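Q: the sequence isn't on hand, but the structure is:
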């Protein structure tokens, strides 16, 4: 954890190889497959941001969709009404996710364990309700539609290839940022808080501040992922904000082995494929399948989910 | 012992210039007075032991001094500054270090990383969001591990350490930030005689200016290490003095050995 | 009579009806968590199941027999589901509480999908039983009798639950377990039977609340998530394991949801969040929660 150069170089090499493979994908795969892959990338970024919160800091959040959705709406709104620039929309998305997370985090982070889970769930749902009723800005239950293609460097992002490369570039950069953060002293402190919050206090750390910072960063990156969703789908609905996003995200983190960031990516791929593809081919029961996977993962990963999501156990 | 009628405002720091001191410290849990009007003075370089039967209030006093618990009454000073209202984290930053009765470590990390986390508060910027070389923390960790008898074990996962090794690591973690005051809660709990001996040697080698307050049930260790001993009973200080004075004290003998009248034990009045 | 009271009396009464309904729903959730540290995320789905029972058995124009049958069916299904949940989570009792919560979440997803398979995705309405389906004139406004009935039933149930918890041996057991579970099991009370009983009764109440609430809420997919959130907010505000807290919390949330929405429409969600935040800032364990409890 503290500066082991060997393993960092290996990780970087593997990551670079993966990114190259993903970049080459549109040249090899059919358009529909490329779209799915792009969607997996967006979801993987969301899952990684949640992993920072859940796996690394030990704060189990069931309302992360709220910040994802905030970013998606912000990016969509900006592209529709203000500027077609892709980077600007993403910057706004990042900020929106971070701001909403800051507001929610001030309250939520005071709680721990299951209480925190309940709070984030409630907050997430309330934010979703807000999006559904605030017609003037969010378009109500119809959402924001007809979002024009984002423009990057003068060209409009039309076609799944261009979109895919834009999403890949941004997601890979953000993922690298998360990885650097997780390997830093700050990340080390977050892990300390996850393992033993009381001891961190006894060592002089301002635990509330660290937790809030982690919450805001996780929310900002989730918002960024939402901005990418908006750029890809060119449609944002209230469904992106609620449990329909928060639950699969948590599942992705749980399956993948929380705390490893890359595990969240793997989990994300599994969830998207199971819910959207396996589920579709089985008559549209994606959420039943997802629920079954959830139950199986919880039963069959003894200590896995617990250790991964690191909630304090009762003694005895 | 303070006069029960003294108000907080009238309390002055009992030992001027002490590293850590408290006056009139009290704490209730419902109807139980766990700590009742305790005064303590810990000068720099103190080797002060706190002993007493279970339920005497020793752990509660530790928690009050370290900041994990708020006192019902009384004041606490660190180097002359009133820290009664300061949080536990703030007190740690001001120089109070503590170990816990049940080893309180970071189980997912290695021994070295445990110490690094503690050392970084002093050596680096613990909030820094980019990876660093961590060399300073690594060196400090190696140094401390050698001091506590875990030389070369920096990469060992804590989860795989034995109980005795964890107690040693616990001490190393507490020492990492160079505290001025060290509170050790039953440091020898569960240690074998050999391990206790090593602990005693270690405590003997602590920097001379560190003020040490420790709770222990192992009376051999207490009388070997301590230059002052305070005996607690039912939340109050029974006797405080040098080891010889305490050993020879009639009240202590009465409380521990029951030679006094039975009702005196329960009211806590000295015989 | 002030004019605003006229206009808003309807909302206030609605708030009471919703509030009591929420109480019946949330008290089970609160006790299960207070006693066993298990957050039952399937609680919303139990409510929805009760609603679907009402629709399937009572339908849009039920007879008294139909309505009573629906309530009975809801009670039976609810308690069976509760027992099932209790057994399912018991296997994970040694692991973290998050695992148990996640398990209930997975089961909730499966159940919600199953309900959608069985009953379709449409929104359905359920009528009140005959005699309670009219309206009554209150201060010049017509007010549905059924909602008044709900207020009455809810208040009676609240009084009954309060009596049981405060005055009976079972209630003493519940209160003791909430306060210090390890002590209770050390004294030799059979943990497992208590667990199954509390889960069963809590789930029964949730399903019955769903059936009772069907004439007000209707039944539709997604309702489970909505009421789960409301129940959670009630429990967080009221404090875990506290019946009184659940009642106060439920009545407060009931008013915010109705009076709040009629006064502020879209901003009512802000008020909900604001109330949640305010309570937690002032009393982090809820209004009647126990701050010295052994849970974090």
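A: Looks like it came in fine. Small disclaimer: the values here were computed from a predicted structure and weren't measured.
Q: when you work out contacts or count neighbours from here on, use the C-alpha atoms and nothing else.
A: Noted.
Q: from residue C:24, how far out is residue A:153?
A: As judged by CA to CA, to the nearest Å, residue A:153 and residue C:24 stand 58 Å apart.
Q: oh, I was asking about residue A:23
A: As for residue A:23, its distance to residue C:24 is 55 Å (criterion: CA to CA).
Q: name the residue in those two with the higher neighbour count.
A: Ranked by neighbour count (other CA atoms under 10 Å in any protein chain shown), residue A:23 and residue C:24 place residue C:24 first, with 29 against 16.
Q: low-confidence bits of the chain, can you list those?
A: Using chain A. The model of chain A has pLDDT under 70 over residues A:1-7, A:284, A:302-316.
Q: that's the wrong chain, I meant chain C
A: By pLDDT under 70, the low-scoring segments of chain C are C:1-7, C:181, C:185, C:189-190, C:266, C:284-286, C:288-296.
Q: now the strands for it?
A: Secondary structure of chain C by DSSP state E: the strands cover C:135-138, C:141-144.
Q: just say which of those is most tucked in.
A: Ranked by mean neighbour count under mean count of other CA atoms under 10 Å in any protein chain shown, the strands of chain C are led by strand C:141-144, which reaches a mean of 16.
Q: packing partners for that one?
A: Judged by 3 or more CA pairs under 8 Å, 6 or more residues apart in numbering or on different chains; DSSP states H and E, strand C:141-144 is in contact with strand C:135-138.
Q: which residues are contacting the strand it packs on?
A: C:142-146 (CA atoms under 8 Å, 6 or more residues apart in numbering or on different chains).
Q: what is the nearest of these to chain B?
A: Within these, the smallest distance to chain B is 47.1 Å, found for residue C:146 (CA to the nearest CA).
Q: name the nearest residue to the residue of the stretch 51-200 of chain A found nearest chain B, sequence neighbours excluded.
A: Closest residue of the stretch 51-200 of chain A to chain B, CA to the nearest CA: residue A:184 (3.9 Å). Nearest in space to residue A:184, with sequence neighbours left out and distances taken as CA to CA, 6 or more residues apart in numbering or on different chains, is residue B:131 at 3.9 Å.
Q: how far away is that neighbour from residue B:32?
A: From residue B:131 to residue B:32 the distance is 50 Å (CA to CA).
Q: neighbour count winner among the two?
A: Taking other CA under 10 Å, residue B:131 and residue B:32 do not tie; residue B:131 has more neighbours (19 against 11).
Q: state the phi and psi torsions of that one.
A: Backbone torsions of residue B:131, given as degrees, to the nearest 10, read phi -60, psi 140.
Q: ok, it touching residue A:180?
A: Yes - with contacts counted by CA atoms under 8 Å, residue B:131 reaches residue A:180, the gap being 6.1 Å.
Q: torsion angles phi and psi at the residue nearest the centre of chain B?
A: Among the residues of chain B, the one closest to the centroid is residue B:183, at 1.9 Å (CA atoms, centre = their mean). Phi and psi for residue B:183, reported as degrees, to the nearest 10, are phi -110, psi 110.
Q: identify the residues contacting the closest residue to it other than its chain neighbours.
A: Spatial nearest neighbour of residue B:183, chain neighbours left out: residue B:98 (4.5 Å); criterion: CA to CA, 6+ apart. The contact partners of residue B:98, by CA under 8 Å, 6+ apart, come to A:202, B:66, B:174, B:182-185.
Q: partner residues bridging the closest residue to chain C within the stretch 1-150 of chain B?
A: Proximity of the stretch 1-150 of chain B to chain C (CA to the nearest CA) peaks at residue B:29, 10.1 Å away. Beta-bridge partners for residue B:29, by DSSP bridges, are residue B:32.
Q: count residues in the vicinity of it, would you?
A: Each residue near residue B:29 was counted by other CA under 10 Å, and the total is 9.
Q: that one and chain A: what is the separation?
A: According to CA to the nearest CA, to the nearest Å, residue B:29 and chain A sit 21 Å apart.
Q: kindly report the same for residue B:37.
A: Residue B:37 is 25 Å from chain A, by CA to the nearest CA.
Q: give me the contacts around the helix or strand where that residue lies.
A: Here residue B:37 sits within strand B:32-42, counting by DSSP states H and E. Applying CA under 8 Å, 6+ apart, the external contacts of strand B:32-42 come out as B:1-2, B:4, B:14-15, B:18-28, B:48, B:55-57, B:60-61, B:73-74, B:211-213, B:234-237.
Q: show me which positions of it end up buried.
A: B:33-42 (16 or more other CA atoms under 10 Å in any protein chain shown).
Q: ok, the helix or strand following that strand: who's next to it in the sheet?
A: Counting by DSSP H and E, the next helix or strand C-terminal to strand B:32-42 is strand B:47-51. Next to strand B:47-51 in the sheet, as set by DSSP bridges, lie strand B:211-215 (parallel), strand B:228-233 (parallel).
Q: tell me what angle the helix or strand just after strand B:47-51 forms with strand B:228-233.
A: In the C-terminal direction, the helix or strand that comes right after strand B:47-51 (DSSP H and E) is helix B:58-66. For helix B:58-66 against strand B:228-233, the angle by axes from the mean of the first three to the mean of the last three CA atoms, to 10 degrees is 120 degrees.
Q: so does the helix or strand following helix B:58-66 get close to chain A?
A: Remark: after helix B:58-66, the chain's next helix or strand is strand B:73-78, criterion DSSP H and E. No - Strand B:73-78 stays clear of chain A (CA under 8 Å from any CA of the partner chain), getting no nearer than 15.2 Å.
Q: so what strands line up beside strand B:73-78?
A: Applying DSSP bridges, one finds strand B:73-78 paired with strand B:20-29 (antiparallel), strand B:81-82 (antiparallel).
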